[in-house]
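Novice: just the structure for this:
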Amino acid sequence: MIGTQLRLPVADGNAGPYGITTGPDGALWITLVHSGRIARLTLDGDFTEYPLGSPACGPTVIIPGPDGALWFTRYKDHRIGRITTAGEATAFGIPTPDSGPYGITAGPDGAMWFTQMNTDRIGRITGEGAVTEFVLPVEGAFPSAIATGPDGALWFTLNQANAIGRMTTDGDTVLYPLPTPGAAPVGITSDGTALWFVEIAAGQVGRIATDGEITEFPLPDRAAKPHAIVATGPGDCWFTEWGANRIGRITANGEITAYDLPTRSSEPHGITVGPDGAVYASLEVGAVARVS
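Specialist: Here you go, the predicted structure:
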C-alpha cells in the first residue's frame, strides 16, 4: 500500500526546507534556503541544524560527493558549499561574480558539476575547490538542475531556453530543444538508461534518451508545476508537484499516479530516495514528507 506520511515539523515555518538527499551516513540532509542552514534528519527523528555563517547565503540543492561529504549550492552568495557528516562546513568561491549556482551533481570524473543560472555557465569544482567554468552557447538560458547521465556526460535543464543540454567532461555541448514551447524544464534525473525531467510551466514529465530523442508525458493536472524528480530504478520516477501539493510517480510507459500531501499548501520542492527505500520530499512550510 502506498501513502504519504508527514514527519513532525523539522524546522520553523520560515526556515524553508528546499533540497534533500540521502547522505553516506544513512541520514537525510536538507537545505534550509531561508535561514541559511543545513539540516540532518535521521529516520528515528533526530534533527540537527548546522549554520553556514551567513543566514542569507541561500543553500538550495544538496547531493553526496565522492569524498564522503555533502556538496551544495549557495544561490544567494554565489558559492559552492561542502559539509562533512560531522557538520563541518566549507565554502568555495566562483570566479564569475553573481553566478547564481543552483543544481549540482557528482560527475563521472570525481569532481562536482553545477549550473550557474545567472551567467549561462556550467561549473566544475574539485575536492580542493578549484573551479573551471564552461560557457553555454546560448544567452539567457537559465541552466537549472543537472545530473550525470548513463553515457558519462552531464545533462542539464535550460529553463528559459526551453531545452535540455548535454556536456562532456571536456566541455563539448549539445542542446536539444523541447517539443512543447515555453515548457520551462527544472528538475532532471537519470534512471540508469535515460534522463527524466519535469516541465514546470507545461505540467509535463519528459524523457530524453542519450541519443537526444525526447518524449513528453502530460500530467492529469497541467497546472501542477512539477519541480524536482528522482529515479528509483529504470523507468520509475517520482516528482514533486509544487503547485498542487502532491507527490507524483511516473512509469516507463507514461502511467502517472499522484498522491496528496497531508498538509495544505506545503510547497514540496526537493525529492530523494531515503535510506529505507521510501521516497522523501522537503516541504518549504517546514517539514519532510515520506511516501511509503
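Novice: so who does Asn253 touch?
Specialist: Applying C-beta atoms under 8 Å, 6 or more residues apart in numbering to Asn253 gives the contacts Gly235. Backbone N, C-alpha and C define where each C-beta goes, glycine included.
Novice: skipping adjacent residues, who's closest to Pro17 in space?
Specialist: Once flanking residues are discounted, Pro17 sits nearest to Ser282: 3.9 Å by C-beta to C-beta, 6 or more residues apart in numbering.
Novice: that neighbour contacts Tyr18, correct?
Specialist: Yes. The pair Ser282 and Tyr18 passes the contact test of C-beta atoms under 8 Å, sitting 6.0 Å apart.
Novice: looking at the two, which one has more neighbours?
Specialist: Ranked by neighbour count (other C-beta atoms under 10 Å), Ser282 and Tyr18 place Ser282 first, with 34 against 24.
Novice: who does that one bridge with?
Specialist: Judged by DSSP bridges, the bridge partners of Ser282 are Val288.
Novice: same check, this time on Val230
Specialist: Trp238.
Novice: now Ile214
Specialist: Note on Ile214: beta-bridge partners by DSSP bridges are Ile208.
Novice: and Ile20, by the same measure?
Specialist: Listed by DSSP bridges, the beta-bridge partners for Ile20 are Ile30.
Novice: got it, and Gly248?
Specialist: Phe239, Ala258.
Novice: on that earlier part again, pull the contacting residues for the residue nearest to Pro17.
Specialist: 17-20, 30-31, 268-271, 288.
Novice: same thing but at 6 Å, please
Specialist: By C-beta atoms under 6 Å, 6 or more residues apart in numbering, the residues touching Ser282 are 17-18, 20, 30, 269-270, 288.
Novice: how much space separates Ala278 from Thr232?
Specialist: Counting by C-beta to C-beta, to the nearest Å, the separation of Ala278 from Thr232 is 10 Å.
Novice: turn the contacts of Ser282 into JSON lines, columns for pLDDT and distance to Val61.
Specialist: As requested, these are exported to JSON lines (pLDDT from 0 to 100; distance: C-beta to C-beta, whole Å):
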{"residue": "Pro17", "pLDDT": "95", "distance to Val61": "12"}
{"residue": "Tyr18", "pLDDT": "96", "distance to Val61": "8"}
{"residue": "Ile20", "pLDDT": "97", "distance to Val61": "9"}
{"residue": "Ile30", "pLDDT": "96", "distance to Val61": "11"}
{"residue": "His269", "pLDDT": "96", "distance to Val61": "10"}
{"residue": "Gly270", "pLDDT": "97", "distance to Val61": "7"}
{"residue": "Val288", "pLDDT": "92", "distance to Val61": "16"}
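Novice: list just the nearest of those to Thr60.
Specialist: Tyr18 (5.8 Å; C-beta to C-beta).
Novice: isn't that closest one right up against Val33?
Specialist: Yes. Using C-beta atoms under 6 Å, Tyr18 is in contact with Val33, at 4.1 Å.
Novice: which neighbours do those two share?
Specialist: Thr60.
Novice: can you find the helix or strand of this structure with the lowest average pLDDT?
Specialist: Least confident helix or strand of the chain, by mean pLDDT, DSSP states H and E, is strand 4-6 with a mean of 61.
Novice: next helix or strand past the strand or helix carrying Thr189?
Specialist: Taking DSSP states H and E as the definition, Thr189 sits inside strand 185-190. Next along the chain after strand 185-190, taking DSSP H and E as the criterion, comes strand 195-199.
Novice: ok, residues contacting that next one?
Specialist: 149, 155, 157, 183, 185-189, 205-208, 226, 229, 237, 239.
Novice: and what of stretch 225-239?
Specialist: 186-187, 189, 191-193, 196, 198, 200, 240-243, 248-252, 269-273, 279.
Novice: export that stretch as PDB, just CAs?
Specialist: What follows is stretch 225-239, C-alpha atoms only, in PDB (Å, rounded to 0.1, in the frame of the first residue of the first chain):
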ATOM      1  CA  LYS A 225       4.000  22.800 -11.600                       C
ATOM      2  CA  PRO A 226       6.300  19.800 -11.300                       C
ATOM      3  CA  HIS A 227       9.600  20.900  -9.800                       C
ATOM      4  CA  ALA A 228      12.000  18.100  -8.800                       C
ATOM      5  CA  ILE A 229      12.400  14.500  -9.900                       C
ATOM      6  CA  VAL A 230      14.200  11.400  -8.700                       C
ATOM      7  CA  ALA A 231      14.500   7.900 -10.200                       C
ATOM      8  CA  THR A 232      14.100   4.800  -8.100                       C
ATOM      9  CA  GLY A 233      15.000   2.500 -11.000                       C
ATOM     10  CA  PRO A 234      14.800   2.200 -14.800                       C
ATOM     11  CA  GLY A 235      11.600   3.800 -15.900                       C
ATOM     12  CA  ASP A 236      10.400   4.500 -12.400                       C
ATOM     13  CA  CYS A 237      10.500   8.100 -11.200                       C
ATOM     14  CA  TRP A 238       8.900  10.300  -8.500                       C
ATOM     15  CA  PHE A 239       8.500  14.000  -8.600                       C
END
